[in-house]
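*Asks:* build me a model:
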Amino acid sequence: MKYAAIDIGSNAIRLLVADILQSKDETTFKKTTLVRLPIRLGDDSFLHHHISERKADDVVKAMIAFRNIMDIYHVEFYMACATSAMREVDNGAELVEKIKKAGIDLAIIDGHQEAKIIYSYHFEKQLNEKKTYLYIDVGGGSTELSIFHRQKLVASKSFDIGTIRILDQQDQEESWLAMKQWIKNKTHQFPGVIGIGTGGNINKLYVLANVKPPKALSYQKLKATYEHLSSFSLKDRINVLDLKPDRADVIIPASEIFLNIMKWGKINQLFVPRIGLVDGMIQTLIDKSFKR
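*Replies:* Alright, predicted model coming up:
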């Protein structure tokens, strides 16, 4: 049995195909195929609030390809979501209809839904059940924050702060202040908050910091990695450090977002399970299918 997840993000579009594994005690999944296409919708969205015809065509072509891949794998159930970039454009509904004609039913989800899907994976259950954890998911257009205390969700908030938004100079000071205040207000009652970081950038930073699973990434290690990356030009981050072009630029603002959040929340440790929205979607499908 195979399930699939499609994530249309601000920086890239992803397809995950996964094998569903069943045992007497639980149902899990194993990643079979992950396809990532660097179609940066965020530039159109945050600067012009409109997806250009060229990029819309690229998205439709990507969806046709993803539909074919899913058919080849005989995918039984799939879930397709679009996040911040598609939320803020005036032709989002029009693009959804074009994608539907390509054979994909796409939902544009808000920040709260996005956070709910991400933490459906419940990585915090693999850690100390008595501790407090702050989920931090940094995307191209938004940052989703969720606080778990004793494995229960106690607060969740989405902020219009993301890597593409920052690169395009479309982030607002009020959003930064609101996020800072929210973090301080929500974490001060829970001493010793531990971070859980998700998204492509923190996954890459974890690798670059040379931290081995299941160890946590410390604030000091993340700051040192950020300073090392910042010492290189964009060109050298691509040519010398061998980062992909669409990762080499966004990884700097992503580092700054994580460092600020960790500082404001007095977080010294950040676990990086290397999961993202597509993993949460597969888990959501499992939860729905097997409950049914």
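*Asks:* where do the helices of the stretch 51-200 of the chain begin and end?
*Replies:* For the stretch 51-200 of the chain, the helices defined by DSSP state H, counting those that start in this stretch cover 53-72, 84-87, 92-101, 111-118, 163-167, 173-187, 200-208.
*Asks:* these: which one's closest to Lys131?
*Replies:* Ranking the helices of the stretch 51-200 of the chain by proximity to Lys131 (CB to CB) places helix 173-187 first, at 12.6 Å. Every residue, glycine included, has its C-beta placed from N, CA and C.
*Asks:* mean confidence score for that closest one?
*Replies:* Mean per-residue pLDDT for helix 173-187: 97.
*Asks:* check stretch 235-255 too.
*Replies:* For stretch 235-255, the mean confidence score works out to 97.
*Asks:* would you mind listing the buried residues in that stretch?
*Replies:* For stretch 235-255, a neighbour-count test (16 or more other CB atoms under 10 Å) marks 237-238, 243, 246-255 as buried.
*Asks:* where does pLDDT dip in the stretch 51-200 of the chain?
*Replies:* Along the stretch 51-200 of the chain, segments meeting pLDDT under 70 are nowhere present.
*Asks:* state the distance from the most centrally placed residue in the chain to Val250.
*Replies:* Nearest to the mean C-alpha position of the chain, by CA atoms, centre = their mean, lies Gly199 at 3.8 Å. From Gly199 across to Val250, the span is 10 Å (CB to CB, to the nearest Å).
*Asks:* over to Asp90?
*Replies:* Applying CB to CB to Asp90 and Val250 gives a distance of 25 Å.
*Asks:* also Gln269?
*Replies:* 24 Å.
*Asks:* ok, now Glu53?
*Replies:* From Glu53 to Val250 the distance is 24 Å (CB to CB).
*Asks:* mind splitting the chain into its structural domains?
*Replies:* The chain breaks down by automatic domain parsing into domains covering 2-112+278-291, 124-276.
*Asks:* now the shortest one, how far from the centre of its chain.
*Replies:* In other words, domain 2-112+278-291. Computed by CA atoms, centre = their mean, to the nearest Å, the chain-centroid distance of domain 2-112+278-291 equals 12 Å.
*Asks:* ok so, going back, in CSV, list the domains of the chain along with distance to Ile118.
*Replies:* Below are these laid out as CSV (distance: least, CB to CB, whole Å):
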stretch, distance to Ile118
domain 2-112+278-291, 5
domain 124-276, 5
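*Asks:* so what's Ile282 up against?
*Replies:* By CB atoms under 8 Å, 6 or more residues apart in numbering, the contact list for Ile282 reads 3-5, 16, 18, 29, 79.
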